[in-house]
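K.L.:
3D, please:
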Amino acid sequence: MENLRFKCNACKKYVEMNKKTANSFTDWAYYNCIEWSDFTDDVPNLLEQHWIRSDLTPIVNEIRIVRVHKPFDEKIRNEFFALFEPALLFFNGWDDSPREEIRKCAVVKCRFEKILVSDEYSAWISVSVKKVMLLHELYSYYENTVTDTPIDEFKGISESIYDIIFRNDEWLVTSWDAQGDCGETKWIYTDECGVRHLVMQQYFDFHEDVIYLGNVTNS
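P.N.:
Predicted structure coming up:
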């Protein structure tokens, strides 16, 4: 079977995922192109935008139904990582979410099981959950990579356009974007010893939206 991939709404061309891992990182994951549901059988029409997103962090060995769109690009039986954010955080953002909601966030290793319904722009598919890494524990899953470049800086980007999305005693989430056309986001976690770990970095543009995963520190 060919890969399940989708057209861009703007250019009407099929988008092929650039499956690569950036320097200093170990893995990559899908982000906004995967939407988590609690459906177990019937799913909404693909054009329906108003449906209840999941609040339940995935559990190993369960089957979950998700909606996917570009740049998702996988064959049935492929395994891939995807970010899970609970419904309240998905809609309200990190800055308006309590700690308990943030602690539901996870990187999930999925196995593509079946296409339920699809068109040129999106699909409902079922996946089996193979591994769940809670975001606040993510650094412990990857070997530490030390860099001299400050982990809260974006290479080649002026600090004047940085936007701090969220900050508390555990997390710093910071980003930049060029009028929404392209941009980056970093998730930096501070452990109980005060060490800061860059565990995820998103890059997006018109056809790409990927999160790099790892454990990058300055010491």
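K.L.:
ends of stretch 28-47, how far apart?
P.N.:
28 Å (C-alpha to C-alpha, to the nearest Å).
K.L.:
list the buried residues for that stretch?
P.N.:
Buried residues in stretch 28-47, defined by neighbour count with 16 or more other C-beta atoms under 10 Å: 28, 29, 30, 31, 33, 34, 35, 36, 37, 39, 43, 46. (Glycine included, C-beta is placed from N, CA and C.)
K.L.:
same check, this time on stretch 173-180
P.N.:
Across stretch 173-180, burial judged by 16+ other C-beta under 10 Å covers 173, 174, 175, 176.
K.L.:
how about low-confidence regions in the protein?
P.N.:
In the predicted model, the chain carries pLDDT under 70 at residues 1.
K.L.:
spatially central residue in it, please.
P.N.:
Against the mean C-alpha coordinate of the chain, by C-alpha atoms, centre = their mean, the closest residue is residue 31 at 2.7 Å.
K.L.:
hang on, isn't that one packed against residue 202?
P.N.:
Yes - counting by C-beta atoms under 8 Å, residue 31 does reach residue 202; the two are 5.9 Å apart.
K.L.:
what touches both of these two?
P.N.:
209, 210, 211 (C-beta atoms under 8 Å, 6 or more residues apart in numbering).
K.L.:
contact partners for the nearest residue in space to residue 94 that is not next to it in sequence?
P.N.:
Using C-beta to C-beta, 6 or more residues apart in numbering and skipping residues adjacent in sequence, the residue nearest residue 94 is residue 166, 3.7 Å away. Counting by C-beta under 8 Å, 6+ apart, residue 166 touches 93, 94, 95, 172, 173.
K.L.:
buried subset of these as a ChimeraX selection?
P.N.:
In ChimeraX, this line selects whichever of those come out buried by 16+ other C-beta under 10 Å:
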select :94,172,173
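K.L.:
out of the contacts of residue 166, which sit inside strands?
P.N.:
Using DSSP state E, the members of these that fall in strands are 172, 173.
K.L.:
now the contacts of residue 166 in a markdown table, with distance to residue 3?
P.N.:
Listed next are those as a markdown table, based on distance: C-beta to C-beta, whole Å:
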| residue | distance to residue 3 |
| --- | --- |
| 93 | 32 |
| 94 | 32 |
| 95 | 36 |
| 172 | 36 |
| 173 | 31 |
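K.L.:
for residue 189, which three-state class applies?
P.N.:
Three-state assignment for residue 189 (DSSP: H, G, I helix; E, B strand; the rest coil): strand.
K.L.:
if we can go back for a sec, and the buried residues of stretch 173-180, which two are furthest apart?
P.N.:
The distance between the two most remote of the buried residues of stretch 173-180 (C-beta to C-beta) is 12.2 Å, for 173 and 176.
K.L.:
how about residues contacting stretch 54-62?
P.N.:
With contact meaning C-beta under 8 Å, 6+ apart, stretch 54-62 is reached by 36-38, 64, 84, 86-88, 104-106, 108, 128-132, 134.
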